[in-house]
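*Asks:* Provided below are the primary sequence and the corresponding predicted coordinates.
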Amino acid sequence: MNEESGRPIRNLCIVGGGTAGWIAAALLGHYAGHLFRIRLVESEEIGTIGVGESTIPPFLQLIARLGISESEFIRETQASFKLGIRFDDWLDRGSSYFHPFGAIGAPNPPVDPYQLWLRARTADPSLELQSLAPASVMADAGRFMLPFKAATTPVGGAAYALHVDAKRVAAFLRRFAEGKGVVRTEGLVDRVEAEGDQVAAIVLRSGERIAADLFVDCTGFRSLLLGQALEVPLDDWSDLLLCDRAVVVQTENIGPPPPFTLAEAQDAGWRWRIPLQHRTGNGHVFSSRHMGADEARSILLAKVEGRPVTEPMLLSFTTGARREMWRGNVVAAGLSAGFIEPLESTAIHLVYRAIDFLLRYLPGTSRAPELAAEFNRRMTGDYVEIRDFIIAHYSLTRRRDAPFWRDVASIELPAGLRHRVAMFADAGMLPEVLDGLFSAVSWQSVLDGMGVLPRRPHPSVANAEPAALARDLRGLEQAIGRTVQQLPTHQAFLDQHCRAE
Ligand code: FAD
């Protein structure tokens, strides 16, 4: 091996076969399977985390980029459609707001509809922002249509993601990746042979030694290669996001699955409800500094609607991100790279991002510090953006009814978020982020839901007459409402769309 440039990449080894491992295997097998041999090592004895079931719209890009039929994927994984997230009790007890996917109003409008709404509400204060967002109205009515099939209607600006069964997704992607030539090895990694920033091989408990030129660490929270062998530290963000535990349980469905994720605030965290076709995933994310596990479990079991079909399981996590996610010849994806609580369902997306960036910056040899630096810059940017977005959900709360909420409200905001909220509070403007994950609609919806009303509209709408604007927007609201009432219910759409051909 040339010490400077490393060795050519002929063998790539993915360690770990959870959602991260199999997404990595599917993408790398599909796009780079002709360049090098790919192996995936996983241990059934250790198993996978088995949660991670709410996604965001780019997940559908991932499916499409692999050439997988969306309806087949939905059928095989018992997925359901997701139009966004409903947040109950976050601003105050009894409050509720929706974070929709897609546009407010029509897609790509000439003037920001948020600004039009801001101006219009001076004449019509009861006009609600979300009544102009097609995905919110569809979710509220429990109805669904693929937005591109309704492109010419007032709901064409909606977007969607999926609720998925994590185990079925891993199994589906495994079949896909093996079909692309990825070779799976069952085995428990006992030892990692590393020197400097290079991993030479992993050694299984069976004694088998697997050498490779590039490793993708998908070993979950263990972070066996990047964290343990190469000792890349985790930047700990627990002082900004206080939750560090989750108790999870699956339940029977008690009715048709609603097309949205529910995130309901609790005394020391929040609980999720993720409805699939065949069952519902539930979890209670909480801060162990404010609540014990037994109490968290009891609260979750008292709140779930259907009969539990699994034993409640407790998970611990540390919020944070590895200081580098690619060092030497190890690239981490998934929980081994970092974790931010699942309030905006971003973790699976970060796996896709990591592998997408790896494909963009694919190294020719086992040492590529410039490519690694760019990868790390992009990935760290994503983690920080998500972290700040999640903090915004908490820190603007008016709740003071429990120590947890008093504590989150007193946390000092990171500078970037402080700047963003201040800009928005002035005239509803947002800093422009190139290739950012969350759209203006996302920030507008969450900041509006958390009670941030800008002091003035942007000057570009200052000449518009508020009463006339309000009449126009009420017209749009009615048109969206009428169209939504004619759409199939989510269940009817699933039955029809996902029927086996
Ligand atoms: P894991 O599933 O833990 O997989 C690790 C793999 O490494 C396994 O195959 C294991 O066998 C293998 N392994 C580990 N050690 C060894 C060893 N020594 N030898 C051999 N193999 C080994 N994400 C979302 O996008 N949406 C959500 O709604 C969401 N909800 C979440 C809720 C909670 C409470 C948590 C904790 C996470 C959530 N996530 C969510 C994150 C999501 O679950 C993960 O990002 C995703 O499942 C990827 O996990 P992973 O593959 O990195 O890890």
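*Replies:* That came in fine, so what should we check first?
*Asks:* what's the closest residue to the ligand within the stretch 351-500 of the chain sitting at in phi/psi?
*Replies:* Nearest to the ligand in the stretch 351-500 of the chain, going by Cβ to the nearest ligand atom, is V351, at a distance of 6.0 Å. Bear in mind the C-beta positions are built from the backbone N, C-alpha and C, glycine included. With angles defined as degrees, to the nearest 10, V351 sits at phi -70, psi -50.
*Asks:* what sits against it?
*Replies:* Under the criterion of Cβ atoms under 8 Å, 6 or more residues apart in numbering, the contact list for V351 reads T19, A20, I23, A24, A333, G334.
*Asks:* Read off the pLDDT value for the last one.
*Replies:* Put plainly, it is G334. G334 is assigned a pLDDT of 98 by the prediction.
*Asks:* Against A347, how distant is it?
*Replies:* 7 Å (Cβ to Cβ, to the nearest Å).
*Asks:* More neighbours: which of those two?
*Replies:* G334 (29 against 23; other Cβ atoms under 10 Å).
*Asks:* and the nearest residue to the more buried one once chain neighbours are set aside, what is it in contact with?
*Replies:* What sits nearest to G334 in space, not counting adjacent residues and going by Cβ to Cβ, 6 or more residues apart in numbering, is A20, at 2.6 Å. Residues near A20 by Cβ under 8 Å, 6+ apart: C218, G220, A333, G334, L335, S336, V351.
*Asks:* Please identify the helix or strand for A20.
*Replies:* When elements are assigned from DSSP states H and E, A20 belongs to helix 19-32.
*Asks:* Now tell me what touches the helix or strand immediately after that helix in the chain from outside.
*Replies:* Counting by DSSP H and E, the next helix or strand C-terminal to helix 19-32 is strand 37-42. Strand 37-42 is contacted from outside by 10-18, 21-22, 25, 28-29, 32, 177, 181-187, 189, 202, 204, 210, 212, using Cβ under 8 Å, 6+ apart.
*Asks:* Can you show me the CA trace of strand 37-42 as PDB?
*Replies:* The C-alpha trace of strand 37-42 is given here as PDB (Å, rounded to 0.1, in the frame of the first residue of the first chain):
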ATOM      1  CA  ARG A  37     -17.000  -6.600  -4.600                       C
ATOM      2  CA  ILE A  38     -19.400  -5.800  -1.800                       C
ATOM      3  CA  ARG A  39     -20.000  -7.800   1.300                       C
ATOM      4  CA  LEU A  40     -22.300  -7.200   4.200                       C
ATOM      5  CA  VAL A  41     -21.700  -8.700   7.600                       C
ATOM      6  CA  GLU A  42     -24.500  -8.800  10.200                       C
END
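*Asks:* how much does it deviate in direction from helix 19-32?
*Replies:* Calculated by axes from the mean of the first three to the mean of the last three Cα atoms, to 10 degrees, strand 37-42 forms an angle of 170 degrees with helix 19-32.
*Asks:* Buried residues, strand 37-42. List them.
*Replies:* Across strand 37-42, burial judged by 16 or more other Cβ atoms under 10 Å covers I38, R39, L40, V41, E42.
*Asks:* Spit out the contact partners of the nearest residue to the fourth one once chain neighbours are set aside.
*Replies:* Across the structure, with Cβ to Cβ, 6+ apart as the measure, the residue nearest V41 apart from its sequence neighbours is T185 (4.8 Å). Taking Cβ under 8 Å, 6+ apart as the criterion, T185 is in contact with R39, L40, V41, E42, L204, E208, I210.
*Asks:* Mind telling me what element T185 is part of?
*Replies:* strand 183-186.
*Asks:* can you list the residues that contact stretch 482-489?
*Replies:* Stretch 482-489 is contacted from outside by 134, 137-138, 141-145, 150, 153-155, 256, 493, 496, using Cβ under 8 Å, 6+ apart.
*Asks:* filter those residues to the buried ones?
*Replies:* Among the contacts of stretch 482-489, those classed as buried by 16+ other Cβ under 10 Å are 134, 137-138, 142-145, 150, 153-155, 256, 493.
*Asks:* Could you identify the most distant pair in these?
*Replies:* Using Cβ to Cβ, those span at most 24.1 Å, a distance reached by P154 and P256.
*Asks:* what's the closest of the buried ones among the contacts of stretch 482-489 to F389?
*Replies:* Checking the buried ones among the contacts of stretch 482-489 against F389 with Cβ to Cβ, the nearest one is P134 at 22.0 Å.
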